[in-house]
Structures are given as structure tokens and as C-alpha cells.
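Student: coords below, sequence missing:
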């Protein structure tokens, strides 16, 4: 299968635009309209973020956590699926997309630790359990965004033009997009994130997905030239 150059350009654009937008957002949050609002300290783009504020809602927070855990459980399923394929083939050689996907998921975890433990861009709208915590970007949102965008490629391993597979991919993609959007809304309504936290989460998730899309396209392009 020949990968058109346009596909490579598309993956490069997705990766580059999402990364640049994410960096610009960070710069804006640290320099523009930085104020203490509600329980949060030094929130950037304060006026914009104040347009949607909700008091902390523990029930909604728990619901979003449950959905997030289900998303992680789906990843565990993919790991089991990959292990079964390796066991059946009696080899560690499986589709390269599995290695790329989980490698980038590891990168997502590293980025989460960096923003959670090292860099504090924004703090949560409400004090939870007596603690002022960093909130940018939303981990739930950026991890869910990456998984929901990238995992259909693994789940279905789209290699041919089988119409049934194409129909199934469309259904799964729609379901995953609904989950992704629901996560954004739930985190906002729970009062644990600002709008910019969720925007940052989406951008970071798209960036990591862009890397996945780019690397897989480069590998396919090289194989098609062999």
C-alpha cells in the first residue's frame, strides 16, 4: 500500500499545529490577565476562565474518574490483545503500531508527571481536600483524547478496504469522540478545571496522537518503497 505524501503532510501539520498552539497557550496563561480568582492562585487568562466556573461537585468528579478508569481498562485490554498475538506467534514481533502507541502513552505519563510535579501553570478553581493543586493541562482530558483518537487504529488494525471494518471503525470512532467530549464537559462541570485546562488537555492529546499518526505514516511510507 502506497502512502501518499499528502498523508505525511497531514500528520506533520496535525503534530506541528497542536504543539505550537499548546506552547502559545502556556505563554498566554503565564503572561496575560494573571489573577487570583475564587480559590485559585495566579490563573492566566482569568477573565476568559471566569466565564465558566462551577463549585466543586464530588459526584461529577467521581463519574469522570470512573470513565477515565474505563478508558485505562481499555488500554489494558489492548495490552492483553498484543500479548496474546505475541504468544500465538511465539515472537515479540507484532504490528509496530502497538509499540508506537504504548511508547507514546508512556510519554503522556511522563508529561503528566512534569506538569503535575514540576511545572505549575494554573491551579484548580476550587480547593479540594484542603489542597491547592495544579490543574493545567487536564490529565483526564489529554490522556483520554490521545487514547480515543489513536486506539481505533490498533483495535481494528485497518489495513485493507473491507467495508464491514470501515463501518465498524466509523461507529467506534463516533463513540470514542463522544467519550472524549463528555470527559471535557464533566471535568468542567465538576469544578476541577478551568476552560483553558481542558483546551490544553485536548491540544496535548492531539499532539501526542499527531506523533502516533506521523510515525506510523513514515513507517508505512518506508515499507511501500522497499
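Tutor: Received, thanks. Values in this document were obtained by computation on a predicted structure and should not be read as measured data.
Student: can you give me the helices in this protein?
Tutor: Residue ranges of the helices in the chain, as given by DSSP state H, are 5-31, 46-49, 58-89, 96-113, 139-156, 163-189, 195-225.
Student: so which of those is the most packed in?
Tutor: helix 139-156 (a mean of 23; mean count of other Cβ atoms under 10 Å). Placement of C-beta: from N, CA and C, glycine included.
Student: lowest-pLDDT helix or strand in the chain?
Tutor: Least confident helix or strand of the chain, by mean pLDDT, DSSP states H and E, is helix 163-189 with a mean of 80.
Student: quick check: angle from it to helix 195-225?
Tutor: Taking axes from the mean of the first three to the mean of the last three Cα atoms, to 10 degrees, helix 163-189 and helix 195-225 form an angle of 160 degrees between their directions.
Student: about what we covered before: of all the helices of the chain, which lies closest to residue 120?
Tutor: Proximity to residue 120, assessed across the helices of the chain by Cβ to Cβ, is greatest for helix 5-31 (10.2 Å).
Student: any low-confidence regions in the chain?
Tutor: 1-5, 85-87, 89-95, 153-169, 223-226 (pLDDT under 70).
Student: picking that back up, how about the helices of the chain, which one is nearest residue 129?
Tutor: The closest of the helices of the chain to residue 129 is helix 58-89. By Cβ to Cβ, the value is 10.2 Å.
Student: what packs against the closest one?
Tutor: Judged by 3 or more Cβ pairs under 8 Å, 6 or more residues apart in numbering; DSSP states H and E, helix 58-89 is in contact with helix 96-113, helix 139-156, helix 163-189.
Student: tell me the angle that helix makes with helix 96-113.
Tutor: Using the same axes, to 10 degrees: helix 58-89 against helix 96-113 is 150 degrees.
Student: can you give me every residue that contacts the residue lying closest to residue 31 once chain neighbours are set aside?
Tutor: In space, and not counting its chain neighbours, residue 31 is closest to residue 44: 7.2 Å by Cβ to Cβ, 6 or more residues apart in numbering. With contact set as Cβ atoms under 8 Å, 6 or more residues apart in numbering, residue 44 has these partners: 28, 29, 30, 31, 32, 33, 34, 121, 122, 196.
Student: greatest separation within those: which pair is it?
Tutor: 33 and 121 (13.9 Å).
Student: the more surrounded of these two?
Tutor: Neighbours were counted for residue 33 and for residue 121 using other Cβ atoms under 10 Å; residue 121 has more, 19 against 15.
Student: who's the closest spatial neighbour of residue 16, skipping the chain neighbours?
Tutor: In space, residue 16 is closest to residue 210, 7.8 Å off (Cβ to Cβ, 6+ apart).
Student: show me what contacts that neighbour?
Tutor: So residue 210 contacts 11, 14, 15, 16, 18, 19 (Cβ under 8 Å, 6+ apart).
Student: one more time with 10 Å, if that's ok
Tutor: 10-19, 104, 146, 149-150 (Cβ atoms under 10 Å, 6 or more residues apart in numbering).
Student: likewise for residue 71?
Tutor: Taking Cβ under 10 Å, 6+ apart, we find residue 71 in contact with 140, 143, 144, 146, 147, 148, 151, 176, 179, 180, 183.
Student: same check, this time on residue 175
Tutor: Going by Cβ under 10 Å, 6+ apart, the list of residues near residue 175 reads 148, 152.
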